[in-house]
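Colleague: got a sequence here, can you build the structure:
(chains A and B)
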Number of protein chains: 2
Amino acid sequence: MHKKRVSIRDLAKVLGVTPSTISRALNGHESISVSRRDQIVQLAKELGYRPNQIAKSMVSNKTFTIGLLLPEFTHNYFNNILAGIESVSFQKGYQLFICTSDELKEKEEKSCMAFLNTRVDGVLAAVGNDSDDLSHFETVIEDGTPLVLLDRICEDLNTSYVVTDDFQGSLDAVQYLVQTGCKQILHIKGPEYISTSFNRYLGYVEGLKKNNIPLEENLILMGEDEQFEKKLNQIFDEFEVDGIFAFSDYYAYDAIKVLQKRGIGIPDEVSVIGYADEPIAQYISPQLSTVKQPAFEIGKHAAEILFKMIEEKNTTIMSKQLETTLVIRESTR
Amino acid sequence: MHKKRVSIRDLAKVLGVTPSTISRALNGHESISVSRRDQIVQLAKELGYRPNQIAKSMVSNKTFTIGLLLPEFTHNYFNNILAGIESVSFQKGYQLFICTSDELKEKEEKSCMAFLNTRVDGVLAAVGNDSDDLSHFETVIEDGTPLVLLDRICEDLNTSYVVTDDFQGSLDAVQYLVQTGCKQILHIKGPEYISTSFNRYLGYVEGLKKNNIPLEENLILMGEDEQFEKKLNQIFDEFEVDGIFAFSDYYAYDAIKVLQKRGIGIPDEVSVIGYADEPIAQYISPQLSTVKQPAFEIGKHAAEILFKMIEEKNTTIMSKQLETTLVIRESTR
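Modeller: Alright, predicted model coming up:
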């Protein structure tokens, strides 16, 4: 389908010189006289010659592209990460190629291969839920393509990463709930396989421990549980829950809906804290207290590390953990 | 930074045969005996040989990649378009490279060039706000790379597109407002330069006309106006507005906030209809009535048209206009 492109060979034919003369002229080589060079550049323009970027890349070993693998964009969090990355990559003159994995390993694998096949200069990736097998990322590392992980750590991969201190963020949330009078705190837990779910759970456990509140397994509910509403109602039938700490703002919203159906007052009877500070946190009523992650900064730092690896061929592991902020709105006392 | 890859030449050296023997063996050529072929394939595996996709693409003239240019992902609408495209491209075994333009012409241009440079087999693009100069898309067309426009039409570009019938969608919304008793209907208008803003405005004008309501220029407010709140308040001071039709759900929400500050009842005193059925339409209170666009189908149809162009080398213009649905919730009478 591609039209035949004007090649260096075509230009050479028109002028009756060798292709290497054309090539040297277009690259401003000193062995070609200025008048000759101008003549050749002029002709190249007239005939619509565009240098073959692929051939050029094969020589320079650079494509000035970065592969970015993200799970999806329905969470604004990943949009903010993207904005942070772009704040660096755009300035550096690099083009981002974004692939979405939908948290599926198959899509992650294909995206990694596509990145390597188009010879991106580096890869930024947030590992999806589904991936316990990480060999596709190992392939990227073995290929010698710089890789920085975002948001979710995979301890098996020997590469740089930028994450937030989810443990501390969760601990802060639980501490706040206790300080404002909560004694029975429910945790709505995130999906398995991802480090953030585990770290937020650990922060919750630590928060209880610090305040001498015994850990009650029955007060932990999976956000993705198909019987979420039913199970949450059962918990409220059985326990006098007065605080909820959720893995995400969406889970917090799901819980608020169930509570409102039961006629439970928020925050008078139950305080609720979400996670991530998604836009919905401000749209819903009552406005949701939440743990804000520095998504823009995660993207920015990850890109900065990646460019150090690309430009300075720096191969030291340069990982970074960023702090969260507790945002108090109307859903907590 | 890239590690030296094992080449066909390396394999040839190890076995003491010509590179073309290796190449023919790996491609299953009949001139090579089965036992020899197995030996070569085995060695290729052992040494970690991966065919050079770029070189391969230069021969087959296909990369099995599609470039997707979208303005951004903060609107869920573009996520749904992406899902629709992926429902087709994933099945076809094509990889999507997504670039975001942030509605900036400069980014659109760079993305288009990056798509051509990596020789994507086709481009899907939603043109940004900012672009009155469309020469970068003309370059794509002139290059012979199939291009399908999504969501926003550019009449100057001679290529296929998939859009929704925004005129009819807006007309339906205004008709509903009139039928439920609204007499003074305010329109919150979208950004300039994009066809959707204009089409929704025309639908609004037609809706008034059909119901013999005179068009009042003072009842049209730009959603991006920096003095939005002040001007909306001025309009409510001066006119007895009883209906609002907004270009987007976000503008509708902005208006609802101003109205609620004034103590105006929704929908008792003023009915509000948004556009797009973004998730916030269901999170806010009152839940927002809105015009739902078939975003998933837009993506799906656009991808289907693109693959017809790529696979069947079909160069006829195959455009499509899809219907909207009026979703009535709590913000209208």
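
Colleague: how about low-confidence regions in the stretch 51-200 of chain A?
Modeller: Within the stretch 51-200 of chain A, the stretches with pLDDT under 70 are A:51-60, A:129-131.

Colleague: do you know how far residue A:287 is from residue A:331?
Modeller: 7 Å (CB to CB, to the nearest Å). The way it works is simple: take the backbone N, C-alpha and C, and place the C-beta from them, glycine included.

Colleague: of the two, who's got more company?
Modeller: residue A:331 (24 against 15; other CB atoms under 10 Å in any protein chain shown).

Colleague: wait, the more buried one sits on residue A:269?
Modeller: No - the pair residue A:331 / residue A:269 is not scored as a contact, 11.7 Å apart, by CB atoms under 8 Å.

Colleague: how about the residues of the stretch 101-250 of chain A near chain B?
Modeller: A:102, A:107, A:110-111, A:114, A:116-119, A:121, A:142-146 (CB under 8 Å from any CB of the partner chain).

Colleague: show the contacting residues for residue A:321.
Modeller: Counting by CB atoms under 8 Å, 6 or more residues apart in numbering or on different chains, residue A:321 makes contact with A:162, A:163, A:164, A:165.

Colleague: list the beta-bridge partners for the third one.
Modeller: Meaning residue A:164. residue A:322 (DSSP bridges).

Colleague: that one: neighbouring residues, count only.
Modeller: Number of residues near residue A:164 (other CB under 10 Å) recorded here: 23.

Colleague: surely it meets residue A:292?
Modeller: No - Residue A:164 is not in contact with residue A:292 according to CB under 8 Å; the separation is 9.6 Å.

Colleague: can you give me the helices for the stretch 151-300 of chain A?
Modeller: A:166-179, A:195-210, A:228-238, A:249-261, A:280-283, A:295-311 (DSSP state H, counting those that start in this stretch).

Colleague: helices or strands next to the second one in the packing?
Modeller: The contact analysis (3 or more CB pairs under 8 Å, 6 or more residues apart in numbering or on different chains; DSSP states H and E) places helix A:195-210 against helix A:166-179, strand A:185-189.

Colleague: name the residues that touch it?
Modeller: A:151-154, A:163, A:166-175, A:177-178, A:185, A:187, A:189-191, A:214-215, A:220, A:245, A:247, A:275.

Colleague: repeat for the fifth one
Modeller: Contacts with helix A:280-283, where a contact means CB under 8 Å, 6+ apart, come from A:249-250, A:253, A:274, A:287-288, A:290, A:327, A:329, B:253, B:279-280, B:283-284.

Colleague: just put those in CSV and tack on pLDDT and distance to residue B:97.
Modeller: Output for the contacts of helix A:280-283, formatted as CSV (pLDDT from 0 to 100; distance: CB to CB, whole Å):
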residue, pLDDT, distance to residue B:97
A:249, 97, 30
A:250, 95, 29
A:253, 96, 33
A:274, 98, 33
A:287, 96, 38
A:288, 98, 35
A:290, 98, 33
A:327, 98, 35
A:329, 98, 39
B:253, 96, 33
B:279, 91, 26
B:280, 92, 29
B:283, 92, 32
B:284, 92, 35
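
Colleague: now which of the residues you listed would you call buried?
Modeller: The neighbour-count criterion (16 or more other CB atoms under 10 Å in any protein chain shown) marks A:249-250, A:253, A:274, A:288, A:290, A:327, A:329, B:253, B:279-280, B:283-284 among the contacts of helix A:280-283 as buried.

Colleague: mind checking which of the helices of the stretch 151-300 of chain A is nearest residue A:17?
Modeller: Smallest distance to residue A:17 across the helices of the stretch 151-300 of chain A (CB to CB): 36.8 Å, for helix A:295-311.

Colleague: what average pLDDT does the closest one get?
Modeller: The predicted model assigns helix A:295-311 a mean pLDDT of 96.

Colleague: which parts of chain A belong to which domain?
Modeller: Per the record, chain A has its domains at A:8-51, A:60-163+A:295-322, A:166-293, by automatic domain parsing.

Colleague: could I get those as CSV with distance to residue B:306?
Modeller: Below are those laid out as CSV (distance: least, CB to CB, whole Å):
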stretch, distance to residue B:306
domain A:8-51, 23
domain A:60-163+A:295-322, 17
domain A:166-293, 32
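
Colleague: so which of those domains is nearest residue B:17?
Modeller: When the domains of chain A are ranked by proximity to residue B:17 (CB to CB), domain A:60-163+A:295-322 comes first, at 26.7 Å.

Colleague: quick one on the thing from earlier: which of the contacts of residue A:321 has the most neighbours?
Modeller: Neighbour counts for the contacts of residue A:321 peak at residue A:162, which has 28 neighbours (criterion: other CB under 10 Å).

Colleague: neighbours around residue A:20, how many?
Modeller: Residues within reach of residue A:20, counting by other CB under 10 Å, total 12.

Colleague: oh sorry, the question was meant for residue A:215
Modeller: 11.

Colleague: show residues contacting stretch A:245-256.
Modeller: Outside of stretch A:245-256, the residues within contact range by CB under 8 Å, 6+ apart are A:170, A:173-174, A:177, A:185-190, A:196-197, A:200, A:204, A:207, A:223, A:228-229, A:232, A:244, A:266, A:272-278, A:280-281, A:284, A:286, A:288, A:290, A:331, B:283.

Colleague: so is the stretch of helix or strand residue A:10 belongs to next to chain B?
Modeller: Using DSSP states H and E, residue A:10 sits in helix A:8-15. No - applying CB under 8 Å from any CB, one finds helix A:8-15 out of contact with chain B, separated by at least 14.7 Å.

Colleague: distance between that helix and the chain's centre?
Modeller: Taking CA atoms, centre = their mean, to the nearest Å, the mean C-alpha location of helix A:8-15 is offset from the chain mean by 47 Å.

Colleague: roughly how far does the residue nearest to residue A:171 when sequence neighbours are not counted sit from residue B:208?
Modeller: For residue A:171, ignoring the flanking residues on the chain, the nearest one in space by CB to CB, 6 or more residues apart in numbering or on different chains is residue A:203 at 4.3 Å. For residue A:203, the distance to residue B:208 (CB to CB) stands at 56 Å.

Colleague: ok, now residue A:272?
Modeller: Applying CB to CB to residue A:272 and residue B:208 gives a distance of 45 Å.

Colleague: who has more neighbours out of the two?
Modeller: residue A:272 (28 against 18).

Colleague: contacting residues around that one?
Modeller: A:243, A:244, A:246, A:252, A:255, A:256, A:259, A:266, A:288, A:289, A:331, A:332.

Colleague: could those be laid out in TSV, adding distance to residue B:32?
Modeller: Below are the contacts of residue A:272 laid out as TSV (distance: CB to CB, whole Å):
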residue	distance to residue B:32
A:243	71
A:244	67
A:246	62
A:252	63
A:255	65
A:256	68
A:259	71
A:266	73
A:288	66
A:289	69
A:331	70
A:332	72
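
Colleague: now flag whichever of the residues you listed is closest to residue A:41.
Modeller: Nearest to residue A:41 among the contacts of residue A:272 is residue A:288, at 60.6 Å by CB to CB.

Colleague: which residue packs closest to the residue in the stretch 201-333 of chain A that chain B sits nearest to, ignoring adjacent ones?
Modeller: Residue of the stretch 201-333 of chain A nearest chain B, by CB to the nearest CB: residue A:283 (4.6 Å). Of all residues not flanking residue A:283 in the chain, residue B:283 sits nearest, at 4.6 Å (CB to CB, 6+ apart).

Colleague: what do you get for residue A:223?
Modeller: Distances taken as CB to CB, 6+ apart place residue A:251 nearest to residue A:223, at 3.9 Å, with adjacent residues excluded.

Colleague: right, and residue A:15 touches residue A:40 too?
Modeller: Yes - between residue A:15 and residue A:40 there is a contact at 6.8 Å, judged by CB under 8 Å.

Colleague: which neighbours do the two share?
Modeller: Residues touching both residue A:15 and residue A:40 by CB under 8 Å, 6+ apart: residue A:22.

Colleague: neighbour-wise, which of the two wins?
Modeller: Using other CB under 10 Å, the more surrounded residue of residue A:15 and residue A:40 is residue A:40, with 24 against 15.
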